[in-house]
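Undergrad: sequence first, then the predicted structure:
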Amino acid sequence: MELILELEIPASPEYIAIARLVVSSIASSRRNLADDRIDDLKLAVSEACTNAIEASSNDGDRVQILIQDDDEKLEVNVQDQGPGFDLDALPTHPPVTDPERLNFERGLGIPLIRTLVDDVEFASSTGGTSVRMTVYGEPLELHPPEDLGVDDLG
Amino acid sequence: MELILELEIPASPEYIAIARLVVSSIASSRRNLADDRIDDLKLAVSEACTNAIEASSNDGDRVQILIQDDDEKLEVNVQDQGPGFDLDALPTHPPVTDPERLNFERGLGIPLIRTLVDDVEFASSTGGTSVRMTVYGEPLELHPPEDLGVDDLG
Amino acid sequence: MDLGLEVDDDHAPYTVLAVKGEVDVYTAPRLREKLVELVSQGRHQIIVDLEGVDFLDSTGLGVLVGGLKRLRSHDGDLGLVCTQPRILKVFEITGLTKVFAIHDSVAAAVAG
Amino acid sequence: MDLGLEVDDDHAPYTVLAVKGEVDVYTAPRLREKLVELVSQGRHQIIVDLEGVDFLDSTGLGVLVGGLKRLRSHDGDLGLVCTQPRILKVFEITGLTKVFAIHDSVAAAVAG
Ligand SMILES: Nc1ncnc2c1ncn2[C@@H]1O[C@H](COP(=O)(O)OP(=O)(O)O)[C@@H](O)[C@H]1O
Ligand SMILES: Nc1ncnc2c1ncn2[C@@H]1O[C@H](COP(=O)(O)OP(=O)(O)O)[C@@H](O)[C@H]1O
């Protein structure tokens, strides 16, 4: 797995658009992903960043977004410095047919992430949480890096 | 000076578009900069990243882009792990009216940076080079971060 | 990155709120405030037009569900206009297509 | 992030190369190769149409200067079409407006 890109933003809502921008831009340039898969990944990352930002309460807390890939997959890891949480202790929602469902405006983020990406792994401790999201897809054929050699033109 | 954002990319040409994207997106959201000032900063950062990438020769070398601001200015710092260089030892170009000028396809980057931003500072050693570029402008009035409080709506 | 919020009063008894831009944790509070304001003005039949929305996440969904809940408690309703597949998908995945009436156009929404 | 490069042969003796996208250290090598290829095909009057270019940096300028130099050595020329202020600005700052003939349109370039 090769580290492509590292982005660190303040844990504040105004920076979440940048995280989306970077992820969708990398996903479209590195991977042969259909546009709707890119949208899926973008939304999943946005949900993970929202949770990371909401969990951060200290001034100066930051959220880190790591993008890695290898031949077959693209991985985005969102890490925060929040207090962590227990994934197994999350409440479950009433089914959407139940009028009670309207009392739950929250709690849609993690189910969305699970549906949108091929694979997701949560690692949470009192030092923070990391959410690793993976999508599979063929790499684009990249133009090999080459010497500019403009001097040779003359 | 507050650190806004940190972006780290591999020292490879294919990532330079992301660096531009991030800088122009931050500049337009944080600062009351005219569009042409944002274009200027974007070009200056692209030139600094090009030099940083070209100076990097080791596998795994990375380029770091730090964006900071305070009340009156936005600063972008481009750092590489290349061999460094002596700014004072750079050759000067013949004037553009001289036909000899055509022999110099290179060497436009640093003059461009100097013209495009309000302030530039180079710091170079054998461990790498950092180029700190500053533009002045009024901050945007940001909407204060506030609690979402969707639960209060009902 | 600013959220566009335009109120159209030409469809009484419906109030049409056209949203433009990205609805996320940064911008959703403004959508919520606007909905609260409309409801407090006694507008209880609201159509939220999402055709100009480029991105919508669960925070945006939460604000819409909150608005619907508030309107229902006033015997009102909150309908949506949305034809964009990538936005519709978010409602489908979360099962909210069963909670909201989603229309193809403002005309269809005010007709029905 | 791909560079568009389209050759238009309808303006003999001029060859028009329309460039689209961002010209930077990543994409400039493709522009250089295309220019080398055109020159090696004996096309010595080249017009590079920059109207579709969103971004151009010094690497792109270097490739254009290299192309001009090569063409001049064949008694040819390389003209530009450019009206976008932010692209023109890069030529102005570097003094290259004095090196290149810059036209408002392909029609003006082939006429002049
Ligand atoms: N990164 C995180 N750090 C701490 N707690 C988290 C984190 N992510 C999720 N949680 C907890 O899990 C809950 C459910 O998250 P989610 O399904 O995204 O819904 P929502 O964020 O709308 O509550 C959150 O309310 C929060 O308590
Ligand atoms: N970050 C850097 N690390 C090492 N050398 C550099 C760096 N930036 C610039 N230089 C040196 O300064 C020269 C001039 O740079 P510049 O004006 O940008 O033109 P160009 O990059 O086209 O040569 C470069 O050729 C290089 O030798």
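TA: Happy to help now that I have it. Ligands and ions are numbered 1, 2, ... in the order given.
Undergrad: what's the longest helix in chain C?
TA: In chain C, ranked by residue count with DSSP state H as the criterion, the top helix is helix C:58-72.
Undergrad: host element of A:Val45?
TA: helix A:35-55 (DSSP states H and E).
Undergrad: residues in contact with the helix or strand following that helix?
TA: Next in sequence after helix A:35-55, counting helices and strands by DSSP H and E, comes strand A:62-69. The contact list for strand A:62-69 (CB atoms under 8 Å, 6 or more residues apart in numbering or on different chains) reads A:1-11, A:15, A:19, A:22-23, A:26, A:30-31, A:45, A:49, A:52-53, A:56, A:74-81, A:139. From N, CA and C alone the C-beta is placed, and that goes for glycine too.
Undergrad: 7 Å instead, please
TA: For strand A:62-69, the external contacting residues (CB atoms under 7 Å, 6 or more residues apart in numbering or on different chains) are A:1-11, A:19, A:23, A:26, A:30, A:49, A:52-53, A:56, A:75-81.
Undergrad: what are the ranges of the helices in chain A?
TA: A:16-30, A:35-55, A:109-116.
Undergrad: let me fix that, I meant to ask about chain C.
TA: Under DSSP H, chain C gives helices at C:28-40, C:58-72, C:85-93, C:106-111.
Undergrad: as CSV, these with mean neighbour count and mean pLDDT would be great.
TA: As requested, the helices of chain C are arranged in CSV below (neighbours: other CB atoms under 10 Å in any protein chain shown; pLDDT from 0 to 100):
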stretch, mean neighbour count, mean pLDDT
helix C:28-40, 19, 97
helix C:58-72, 24, 95
helix C:85-93, 17, 95
helix C:106-111, 16, 94
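Undergrad: how about these in TSV, adding distance to chain A?
TA: Formatted as TSV, these follow (distance: least, CB to the nearest CB, whole Å):
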stretch	distance to chain A
helix C:28-40	9
helix C:58-72	4
helix C:85-93	5
helix C:106-111	20
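Undergrad: tell me which of those lies nearest to chain B.
TA: helix C:58-72 (3.5 Å; CB to the nearest CB).
Undergrad: what's the closest one packed up against?
TA: Here helix C:58-72 touches helix C:28-40, strand C:77-81, going by 3 or more CB pairs under 7 Å, 6 or more residues apart in numbering or on different chains; DSSP states H and E.
Undergrad: which residues sit against the shortest one?
TA: Spelled out, it's strand C:77-81. Taking CB under 7 Å, 6+ apart as the rule, strand C:77-81 contacts C:45-51, C:64, C:67-68, C:71, C:100-103, C:105-106, C:109.
Undergrad: quick one: buried residues of stretch A:3-16?
TA: Buried residues in stretch A:3-16, counted by 16 or more other CB atoms under 10 Å in any protein chain shown: A:3-16.
Undergrad: so what's A:Val117 closest to, chain neighbours aside?
TA: Distance criterion CB to CB, 6 or more residues apart in numbering or on different chains; nearest residue to A:Val117, sequence neighbours excluded, is A:Met133 at 4.3 Å.
Undergrad: up against ligand 1, what does chain A have?
TA: The interface of chain A toward ligand 1, taken as CB under 6 Å from any ligand atom, is made up of A:47, A:51-52, A:55, A:80, A:82, A:84-85, A:90, A:106-110, A:129.
Undergrad: okay, the most centrally placed residue in chain C: pLDDT?
TA: For chain C, the residue sitting closest to the mean C-alpha position, by CA atoms, centre = their mean, is C:Val48 at 3.0 Å. Confidence at C:Val48, expressed as pLDDT, is 98.
Undergrad: try A:Asp88
TA: Predicted confidence (pLDDT) for A:Asp88: 87.
Undergrad: where does pLDDT dip in chain A?
TA: Chain A contains residues with pLDDT under 70 at A:31, A:94-104, A:138-154.
Undergrad: get me the contact residues on it for chain C.
TA: Within chain A, the positions near chain C by CB under 7 Å from any CB of the partner chain are A:13-14, A:16-17, A:36, A:39, A:43, A:46-47, A:50, A:53, A:96-97, A:101-102, A:105-106, A:108-109, A:112, A:115.
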